[in-house]
Structures are given as C-alpha cells and as structure tokens.
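> I would like to see how this sequence folds:
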Amino acid sequence: MNLSYIRPGRWFSRMWLYLHSFADYSIPALFFRNTRKTLMASLTDREKAEVCRRANYYIRIGEHSHIIPDTTVGTFKFPFGQSGKRTKYFFDLYRVVRCFNPKYSFAYRFGDVTEVPSCPAFVKSRPITSDNTNSVVLKLNQWRHFVFVNDKQPFRTKKNMIVFRNVVRQAHRAKFLELHFGNPLCDVGKTNDDYAEEHPEWKQDFMTMAQQLKYKFIACIEGNDVATNLKWVMSSNSVAVMPRPKYETWFMEATLIPDYHYIEINPDYSNLIERMQYYMEHPEAAEAIIKHAHEYIEKFRNRKIEFAIQLTVADEYFRRTGQYKIN
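Model (predicted):
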C-alpha cells in the first residue's frame, strides 16, 4: 500500500458519512411521507418558481410515460452483503424516494451513465442530447461530486500554469497528456499506476485540492462521464479549462457558457497554450470568468431548495408514469 495516498481528512469524512447515513436509514420511512408537502409550504413564491424551473430541466419525460421498474419504494433496501452496492448512490436516492408511497415503482441506474436508458430512470449523469428524455437526473453520489472550496488566494498571485492530476484510463485524457506533458506551462500527470506501460513518465504524485489551487488554471477533463473536479474548481479563484462538455449531472453542465463560466478549448486540446496565454495577458478577463462561476455555484449551496427540487423531480416522475392512481 502506498501510504502517501491515504488522506486522513477525507477518510474521516467518509466514515462520518456512512455513520450518519446508516443512522438516518434506521428511521422508519413513514416519518418522511409528508416531507415534500411540508417543505414546499415553507418556500416563498419565488423559491417555488425556481424549484419548478430546475425540476423541469432534470425530468423531461412526457405524460403517461411507461417504465420497466427495478423496484418499489417500499422494497428499496440497502443491499447488505452484496458487491457493487454503490453505497453513496443508494443513500442519496433512498433519501428522496422514501418520501413517497411505498407502492410506487421506479427504475434507476447507478454509476457513470453515458447512454440513454431504455425507459425513464433516475441517473446521476446523462449524455447532452436533445432527444434524451429517459434520463431523469437526481443529485446522486453528491459526497464526491458536490464539493466546494473556500479559496482565499487571488487569481493574479497564482502560478502562471495549468495543473491536471487525475486517473487516466480514457483515450481522450491520454491525448491531453500526450500533447502537453513536459510543457513548462503545464504541470500535468496521471495518478494511477496502471496503463503506464508506454509513458511511465506520466505517473506523477497525487496533488491535494489545496496544492492545485496554487495554479491559475485547472484542467477539467471529462472521464467516463463528467469532470468531477469542475464543481470545486468553479467555486475557487482559479479558472476551469476544458472543452465543451458532452455529459451533464445535477450541476447542469449543458447550461455553462464557454468563456463566461469557464475557458473553452478545442476538443483535441490543440489551442490550450494559446488560450492560457491570452488570459495571462488579460487577467481581468479571467477574473470576470471567476466571478460568473461563483454566481453559477450559488444556486447549488441552498440545501433546503436543493432537496425540494429533488423531491419535485421524483414527484413528477411518479405522476408522469401514471402512479398517482395507486393507493
């Protein structure tokens, strides 16, 4: 075991998450059946309008949609003893569906979903396509994906470089390293030991968020689906640099505006240095992007409204699949 990769703070955070989640799981679901009604009643008219607007973005299925259910609310239980249970996904979905009729049925897909499900299903991620109606997005695995930082260092005092540290198993991430590894403006590398036969030099030490935040630019390159680091980068005083996204999550990546919320580069990464040099010469333009990114992040910080949106998405899912008639 490489002890340099053990991060005590994150380990304790994970243990607290599991303890809190199992304690919450032990409370009978009956106590949560009126949660949405109570929560919505506590919102202002403006907040209710925002909840409906966001919910309609995440669920696009039509009226009378047909589902092939994976389970019912009442039988959706933690799969003790089973491998691949994806604990954090389960608890995030369970906290939402337990607020509804135990006879309601639903389908779900855990993990990095890169294809459109065959029937309406709850997912963490979906391809950005105009005809994708079956992917119903919820805020799943949020412990990993929805991390924000409190960055005190101003953009202008950071290193005039871009940083990238991540697992590299996809051809497009390997292409990024192939083009820019060794460039004096790029501190880039892979953190995994496998897939290193051709380029062992790409293997670099792990870098914490705090270490990466010393750089003006942080590469947010999609992996199997979205770039996980995009959320915390956009909450910082560094600038996210990436091609236009192909996948989206609860973060609504498809609504991000290039060169307004992030610095857009070509899908083949060929103009990376050119784009960096422009913003190094025009720091006020980079600072404007940081300001806009912070404004975008704000709507995801209100936990009450975030949960109200999730409950509304689930409510619409059950309604549009014709389950209101179930007693």
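
> mind listing the helices for the stretch 1-150 of the chain?
With DSSP state H, counting those that start in this stretch as the criterion, the stretch 1-150 of the chain has helices at 8-25, 35-41, 45-58, 87-97, 142-145.

> can you redo those helices as JSON lines with mean neighbour count and mean pLDDT?
Where C-beta positions appear, they are placed from N, C-alpha and C, glycine not excepted. Output for these, formatted as JSON lines (neighbours: other Cβ atoms under 10 Å; pLDDT from 0 to 100):
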{"stretch": "helix 8-25", "mean neighbour count": "12", "mean pLDDT": "71"}
{"stretch": "helix 35-41", "mean neighbour count": "14", "mean pLDDT": "93"}
{"stretch": "helix 45-58", "mean neighbour count": "15", "mean pLDDT": "97"}
{"stretch": "helix 87-97", "mean neighbour count": "21", "mean pLDDT": "93"}
{"stretch": "helix 142-145", "mean neighbour count": "18", "mean pLDDT": "83"}
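
> May I see the domains of this protein written out as residue ranges?
Under the assignment automatic domain parsing, the domains of the chain span 25-145+301-320, 155-298.

> Look at the longest one and report the distance between its end residues.
Chord length of domain 155-298, first to last residue, is 19 Å (Cα to Cα, to the nearest Å).

> Nearest residue to the middle of the protein?
Central residue of the chain (Cα atoms, centre = their mean): H145, 4.1 Å from the mean position.

> how far away is that one from E287?
The spacing between H145 and E287, counted by Cβ to Cβ, to the nearest Å, is 26 Å.

> related to what we said a few turns ago, please verify my assumption that the residue nearest to the centre of the chain contacts T249.
Yes: shown here, H145 and T249 form a contact pair, counting by Cβ atoms under 8 Å, at 6.4 Å.

> Please enumerate the shared neighbours of the two.
Counting by Cβ atoms under 8 Å, 6 or more residues apart in numbering, the common neighbours of H145 and T249 are 124, 226.

> Correct me if wrong: K304 contacts M40.
No: applying Cβ under 8 Å as the test, K304 and M40 come out as separate, 10.6 Å apart.

> returning to what we had before: the helices of the stretch 1-150 of the chain into TSV, with extra columns for distance to A308?
Converted to TSV, the helices of the stretch 1-150 of the chain look like this (distance: least, Cβ to Cβ, whole Å):
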stretch	distance to A308
helix 8-25	18
helix 35-41	5
helix 45-58	5
helix 87-97	11
helix 142-145	15
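
> those helices in the stretch 201-327 of the chain, which residues are they?
Applying DSSP H, counting those that start in this stretch to the stretch 201-327 of the chain gives helices spanning 209-212, 230-234, 272-281, 283-298, 303-320.

> Need the CA coordinates for the third one. CSV is fine.
So the one you mean is helix 272-281. C-alpha atoms of helix 272-281 as CSV (Å, rounded to 0.1, in the frame of the first residue of the first chain):
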residue,chain,number,x,y,z
LEU,A,272,-4.6,25.1,-24.8
ILE,A,273,-1.4,27.2,-24.6
GLU,A,274,-2.9,29.9,-26.8
ARG,A,275,-5.9,30.2,-24.6
MET,A,276,-3.9,30.3,-21.4
GLN,A,277,-1.6,33.0,-22.8
TYR,A,278,-4.5,35.2,-23.6
TYR,A,279,-5.9,35.1,-20.1
MET,A,280,-2.4,35.5,-18.5
GLU,A,281,-2.1,38.7,-20.6
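
> Quick check: pLDDT value at N134.
On the pLDDT scale, N134 is placed at 96.

> give me the number of residues near it?
N134 has 20 neighbouring residues, counting by other Cβ atoms under 10 Å.

> Kindly report the same for K325.
K325, neighbours per other Cβ under 10 Å, totals 5.

> Please apply the same query to L30.
Using other Cβ under 10 Å, the number of residues around L30 comes to 9.

> How about A285?
Residue neighbour count, defined by other Cβ under 10 Å, stands at 13 for A285.

> residues in contact with it?
A285 neighbours (Cβ under 8 Å, 6+ apart): 278-279.

> from now on call the first residue 680
Taking 680 as the first residue, the last one we looked at is A964.

> could you pull out the strands for the stretch 830-979 of the chain?
838-845, 865-869, 894-898, 918-921, 926-927, 942-943 (DSSP state E, counting those that start in this stretch).

> elements contacting the fifth one?
Applying 3 or more Cβ pairs under 8 Å, 6 or more residues apart in numbering; DSSP states H and E, one finds that strand 926-927 contacts strand 805-806.

> Adjacent strands (with direction) for the strand it packs on?
Here strand 805-806 has these sheet partners by DSSP bridges: strand 926-927 (antiparallel).

> Am I right that H743 is in contact with R999?
Yes: applying Cβ under 8 Å, one finds H743 in contact with R999, separated by 7.3 Å.

> So between the two, which is more surrounded?
R999 (19 against 8).

> just to revisit the earlier point, deepest of the helices of the stretch 880-1006 of the chain, which one?
helix 909-913 (a mean of 25; mean count of other Cβ atoms under 10 Å).

> Fine, thanks again, bye for now.
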